[in-house]
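sequence plus predicted model, see below.
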Amino acid sequence: MLGLLGVGSAAVGAFLDPSRFGVDASLSASVPPGRWPMAGRTPQRSGYQPTSDGPTTDPTVAWEQTVGSGYGFLVASEDTVYVSTDRVSAYVAEDGARRWSQSLPANRTPEEVALWRDRLYVCSTGSAECEIVDDCGREHKELYALDAATGAIRWARSGISSVLSVAGATVICGGDEETIGLDAETGGREWQRRCWRPTLVVEDTLACKRYDEGFHEIIAGIDPHSGQEKWRHTDHIWGGAHRPRVVAARGDFIYGTTDDYVFKALDTATETLAWSVDLKFNNIAQVATDGECVYLKDRDSLTNPGAVRLLALDAETGDKQWEQTIEQAGHWGLVLTESALYVPVRGGMLVVDPDSGDGLGRSQPAGENLPRTVIAAGGQVYSFTNHEDEATLYAHR
């Protein structure tokens, strides 16, 4: 029997009142402000929290919790933060008290997580049972839907390699070179398309990788229900040997990189390249954009690998608005709000003015490690570090 830790459901029922959540089931449904329910916050992975969430001067550590071991993934509502490490746990946003903690069956390792209404979706890995000799030792992926109030498992689905986002009432998942849509409530399969991650939602269209007729990797816009291709990148923009990587979307624009060290913006309405900017690093994993500017971290130089170039680019033209060099910063983690840009650095985070690039503050020390994950929800900024198999969650105000 799966063990649960924490308080009873009567004590936590209020923070998951279903009336607090939207009911728009379309893929283009907006994510209400104040929450960070998936990687990048939205199905477009914009990294933008459209409120003045979090501190704008020197953040203080409101609380910290040891949350297990291994790398972690974070999501949050206004009053609860969820983390997956070697187990899945929920903590009260106000003081860090643990609501519950849950291990998955058969010692499976939790990975990516996403939150929708009263469900927490957790992708997991584990070794296959040896009923077939060729399967021995292979990793098999499963998706679990947990009750967000208690951690109890509601259903599980096999053959899911990643949980990419929740759009409307659909959980968008990755499979073996395919993208799968599951009913968020029941886990029933709604559609399955031959394209693969990274998968973003642009209006009601999936933007994902697939092969063209010449077996080149391209980015295409696909209607998930009919499978019709609505637009595609032409080879001379993204395809061929350059292997496109989509990072984020905002409005009609898709942003990404290719192997030739170029950051590009595609206008899906016209199927044309809007602009491009040369970089020093070709694996930009995360950006933040509010539709006016795109913020990203590039390598500063080969001789200074511990520093990054923080860039602000005009979202429509690609013109550089400002540039800052930041020492002891990693390439993961970037959060934008109306009034601040949060940049993880060793021992904490920097608060940067998104309009000018000027520093607004630096958090008090939060350990000595570089945060791997940063999100903003409910007026706080959360960061996650891992050192010597001990994972720590910090809440900054």
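Structure received.

now do the end-to-end distance for stretch 276-290.
Using C-alpha to C-alpha, to the nearest Å, one end of stretch 276-290 lies 18 Å from the other.

mind listing what's buried in that stretch?
Buried residues in stretch 276-290, counted by 16 or more other C-beta atoms under 10 Å: 276-277, 279, 281-282, 284-290. In this view, the C-beta of every residue, glycine as well, is placed from N, C-alpha and C.

who does the strand or helix carrying residue 376 pair with, and is each partner parallel or antiparallel?
Per DSSP states H and E, residue 376 falls inside strand 373-377. Strand 373-377 pairs in its sheet with strand 380-387 (antiparallel), by DSSP bridges.

following the strand it pairs with, which helix or strand comes up?
Next element after strand 380-387 (DSSP H and E): strand 390-396.

quick revisit: how about the CA coordinates for the strand holding residue 376, as PDB?
Taking Å, rounded to 0.1, in the frame of the first residue of the first chain, the C-alpha atoms of strand 373-377 are listed here in PDB:
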ATOM      1  CA  THR A 373      14.900  25.300 -11.600                       C
ATOM      2  CA  VAL A 374      13.200  28.600 -10.900                       C
ATOM      3  CA  ILE A 375       9.500  29.400 -11.000                       C
ATOM      4  CA  ALA A 376       7.200  32.300  -9.700                       C
ATOM      5  CA  ALA A 377       3.800  31.800  -8.200                       C
END
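
just how off-centre is that strand within its chain?
Relative to the centre of its chain, strand 373-377 is centred 10 Å away, using C-alpha atoms, centre = their mean, to the nearest Å.

swap in stretch 325-336?
On C-alpha atoms, centre = their mean, the centre of stretch 325-336 falls 15 Å from the chain's centre.

convert the C-alpha atoms of it to CSV, please.
C-alpha atoms of stretch 325-336 as CSV (Å, rounded to 0.1, in the frame of the first residue of the first chain):
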residue,chain,number,x,y,z
THR,A,325,27.3,39.7,-18.5
ILE,A,326,26.4,37.7,-15.4
GLU,A,327,29.0,35.7,-13.6
GLN,A,328,28.5,32.3,-12.0
ALA,A,329,25.2,31.8,-13.8
GLY,A,330,24.0,28.6,-15.6
HIS,A,331,22.0,28.2,-18.8
TRP,A,332,18.9,26.8,-17.1
GLY,A,333,16.2,28.9,-15.4
LEU,A,334,14.8,32.3,-16.4
VAL,A,335,11.6,33.8,-15.1
LEU,A,336,9.9,37.0,-16.2
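
tell me the buried residues in that stretch?
Buried, per 16+ other C-beta under 10 Å, within stretch 325-336: 326, 329-331, 333-336.

how about those residues, which pair is most distant?
330 and 336 (17.0 Å; C-beta to C-beta).

still on that earlier bit, what's the lowest-pLDDT member of the buried residues of stretch 276-290?
Lowest pLDDT among the buried residues of stretch 276-290: residue 282, with 58.

poorly predicted segments of the chain, please.
Scanning the chain with the threshold set as pLDDT under 70 gives 1-24, 127-139, 234-244, 282-283, 285, 302-303, 365-366.

what are the ranges of the helices in it?
9-12 (DSSP state H).

roughly how far apart are residue 157 and residue 55?
39 Å (C-beta to C-beta, to the nearest Å).

err, residue 123, not the other one
Taken as C-beta to C-beta, the span from residue 123 to residue 55 is 32 Å.

now residue 304
28 Å.

mind putting the buried residues of stretch 276-290 in CSV, distance to residue 109 included?
CSV is the format used below for the buried residues of stretch 276-290 (distance: C-beta to C-beta, whole Å):
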residue, distance to residue 109
276, 38
277, 37
279, 33
281, 29
282, 29
284, 27
285, 21
286, 22
287, 28
288, 28
289, 32
290, 35
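
kind regards, and thank you for your time.
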